[in-house]
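Q: take a look and give me a structure for this.
(2 chains)
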Amino acid sequence: MAWETVIGLEIHTQLATNSKLFSGAATAYGAEPNTQACEVDLALPGVLPVMNKEALRMAAMFGLAIGAPVAKHSVFARKNYFYPDLPQGYQISQFDRPTVEKGEINITLGNGETKTIGVTRAHLEQDAGKSLHEDFQGFTGIDLNRSGTPLLEIVSEPDMRSAKEAVAYMKKIHELVQYLGISDGNMAEGSFRCDANVSVRLVGQEEFGTRAEIKNLNSFRFIERAINHEVERQIDIIEAGGEVIQQTRLYDPDKDETRAMRSKEEANDYRYFPDPDLLPLEITAEFLEEVRKILPELPDQKRLRFKQEYSLSDFDAEVLTSSRAMAEYFETVAQGCGDAKQAANWVTGSLAAYLNKQELSISESPVSANDLTGMIKRILDNTISGNIAKQVFEAMAKGEGDADTVIESKGLKQITDSGAIEAIIDEIIANNAGQVEQYRAGKEKLLGFFVGQVMKASRGKANPGQVNQLLKQKLSG
Amino acid sequence: MSLTVKDVKQIAHLARLSIDDDNVQTYADNLSGILALVAQMNEVDTDAIEPMYHPQEVMQRLRDDKVTEQVERERFQKIAPVTEAGLYLVPKVIE
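A: Reported below is the predicted structural model:
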């Protein structure tokens, strides 16, 4: 039997506001427990929520970016459940009137084709606190710093057909929220996490199979593994004659398995109702226009422009737009040195390799965009060769100064004086009479050997083009 | 729609309300009465009427995204039954 996988994702992204969704407490990650939890976040009697304007602006921005209508009126609802890290006894969320309505995202599949994934909605809601079960005998420790942090929950249509598509979609949203500057996207710190709804059905079957929801996936690798594992589990059940039951499952990365958390029926009876403490949210045309004005160039637009404007390959355009910081760095260099190809090669080559090795992000690069521009200019004006430039780059990365300083202090200036190069060539020819004879007898691939010798003798500083040309002249005698 | 005794017990459980078994049938009858009223109102043709978002014609006030709160953990934790290392401790909850 041939099975088809159906996946929908609910992505929770923490919005990068300074303060909480409904209180003036800070949202910084990693603070001492409960130092960012005020009366409102603790849900003490008598407190009232007051909505953060910035969170609304960020949600609207996301809506515009995915081509979704941003609701003129949206309504906050209470989602009721009891858990100690939710002191209100309900989460303030949105139910039937979310701020962002239906939009879409394009993903690129493995074969290079584009697929459109529907985004059902995106709504504003509060994050919960954290429960620490491990450290206290018979107790659970509660840290409410995260309580009330604004979340944008982005709900997809069940449009994905494999774990790989789900990962591609999630990466696309991850990239987008960072481009928009509405989330730091830090998955390790929980700023970006997702629940996956997974079901299987026979190929050709119309209706969906019963789905299981896998909770709290916070790395791309886990998502792929968790979904693949869940798909196998469901197929095994059905093929053995059983039935998949609708439930919430938790992925355990250590054991590489999902296990049932709780029965969906009971726990999911959330009894939503409009929150009487909050009035409807209004987004005026003026507000939306203000947001539209500050909408940055989106990743897909940027990729397309890079390919056209700088004649970049698909691959280079992809790498160079992987973050806004990366794209800005590249553009500074490309425009500064006037040679986009060189700029792309250095940024995706030596620079990317160096940052990778040192585990640094582009914004932490010890070689600034201006430094790299200065160095490429010296390649273009023949002060140094591309090869020598690698030494210059490494020295700059170690903080030994800008390109001109390094070239000067290390004496790396390229030898372009033909007289000087000829002198070296003459000496090499004199010292390698055997090879000269073989070359002249027709073994032309020995040219490489001579080039190598000359470059070595000049400590890499001879201009390679000139060396080639002069060698050929002299060897042909 | 009317509510059964079982529905009432389930709702009470979800809302963590402790109710007297003797009263459950009364609650079920009274709540069903309320739902019957709602059903009656649902009969009214409202197709041409724009839904009301709120009884008052006012919209949510927004505040600027500024941190205005001081750290008052010590004061808040004075009324908590058990705290340790800055955390509120509650009886162990495990899924």
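Q: strand partners of the lengthiest strand in chain B, parallel vs antiparallel please.
A: In chain B, with assignment by DSSP state E, the single longest strand is strand B:87-91. Sheet pairing for strand B:87-91, assigned by DSSP bridges, gives strand A:139-143 (antiparallel), strand B:83-84 (antiparallel).
Q: who does the next helix or strand after the first one pair up with?
A: Read that as strand A:139-143. Later in the chain than strand A:139-143, the nearest helix or strand by DSSP states H and E is strand A:150-156. Using DSSP bridges, strand A:150-156 pairs in its sheet with strand A:3-14 (antiparallel), strand A:114-126 (antiparallel).
Q: after the first one, which helix or strand is next?
A: So that's strand A:3-14. Next in sequence after strand A:3-14, counting helices and strands by DSSP H and E, comes helix A:39-42.
Q: that next one vs chain B: in contact?
A: Yes - using CB under 8 Å from any CB of the partner chain, helix A:39-42 reaches chain B at A:39, A:42. Placement of C-beta: from N, CA and C, glycine included.
Q: list the buried residues in that helix.
A: Residues of helix A:39-42 classed as buried: A:39, A:40, A:41, A:42 (neighbour count, 16 or more other CB atoms under 10 Å in any protein chain shown).
Q: nearest residue to the first one in space, please, no chain neighbours.
A: Same thing as residue A:39. residue A:47 (5.0 Å; CB to CB, 6 or more residues apart in numbering or on different chains).
Q: ok, the one you found to residue A:271 distance?
A: 22 Å (CB to CB, to the nearest Å).
Q: of these two, who's got more company?
A: residue A:47 (16 against 13; other CB atoms under 10 Å in any protein chain shown).
Q: how about low-confidence regions in the chain?
A: Just so you know, I chose chain A. Counting by pLDDT under 70, chain A shows low-confidence ranges at A:262-268, A:477.
Q: if you could check chain B rather than the one you did, that'd help
A: B:95.
Q: and among the strands paired with strand B:87-91, the most buried is which?
A: Among those, judged by mean count of other CB atoms under 10 Å in any protein chain shown, the one packed with the most neighbours on average is strand A:139-143 (a mean of 22).
Q: ok, residues contacting stretch A:284-304?
A: Residues outside stretch A:284-304 that contact it (CB atoms under 8 Å, 6 or more residues apart in numbering or on different chains) are A:57, A:60-61, A:64-65, A:70, A:72, A:106, A:172, A:175-176, A:179-181, A:305, A:317-318, A:321, A:324, A:327.
Q: how about the contacts made by the spatially most central residue of chain B?
A: Geometric centre of chain B, nearest residue: residue B:15, 7.5 Å, by CA atoms, centre = their mean. Counting by CB under 8 Å, 6+ apart, residue B:15 makes contact with A:80, A:271.
Q: mind doing that once more with 10 Å?
A: A:80, A:82, A:89, A:271 (CB atoms under 10 Å, 6 or more residues apart in numbering or on different chains).
Q: by neighbour count, which of the residues you listed wins?
A: Neighbour tally across these (other CB under 10 Å): the maximum, 17 neighbours, falls on residue A:80.
Q: backbone dihedrals for residue 82, please?
A: The chain I'm using is chain A. phi -110, psi 120 (degrees, to the nearest 10).
Q: wait, doesn't it sit right on residue B:14?
A: Yes - taking CB atoms under 10 Å as the definition, residue A:82 is a contact partner of residue B:14 at 8.3 Å.
Q: related to what we said a few turns ago, contacts for the longest strand of chain B next, please.
A: A:33-34, A:37, A:42, A:83-85, A:87, A:129-132, A:135-136, A:138-144, B:76-77, B:80-83.
Q: mind checking which of those are buried?
A: A:33-34, A:37, A:42, A:83-85, A:87, A:129-132, A:136, A:139-144, B:76-77, B:83.
Q: excluding chain neighbours, what is closest to residue A:319?
A: Spatial nearest neighbour of residue A:319, excluding adjacent residues (CB to CB, 6+ apart): residue A:348 at 5.0 Å.
Q: same question but for residue A:216, I mixed them up
A: Residue A:216's closest residue in space is residue A:193 (CB to CB, 6+ apart), at 5.8 Å.
Q: what helices or strands is the helix or strand containing that neighbour leaning on?
A: In this assignment (DSSP H and E), residue A:193 forms part of strand A:192-202. With contacts taken as 3 or more CB pairs under 10 Å, 6 or more residues apart in numbering or on different chains; DSSP states H and E, strand A:192-202 sits against strand A:3-14, strand A:150-156, helix A:163-180, strand A:212-217, helix A:220-239, strand A:247-252.
Q: re the thing from before, most packed of the strands paired with strand A:150-156?
A: Highest mean neighbour count among the strands paired with strand A:150-156 (mean count of other CB under 10 Å): strand A:3-14, a mean of 21.
Q: what comes into contact with the lengthiest helix in chain B?
A: Scanning chain B for the helix with the most residues, using DSSP state H, yields helix B:24-42. Residues from elsewhere that reach helix B:24-42, judged by CB under 10 Å, 6+ apart: B:1-9, B:11-12, B:17, B:19-20, B:23.
Q: what is whichever helix or strand comes after it packed up against?
A: Counting by DSSP H and E, the next helix or strand C-terminal to helix B:24-42 is strand B:62-63. Applying 3+ CB pairs under 10 Å, 6+ apart, one finds that strand B:62-63 contacts strand A:51-52, helix A:53-65.
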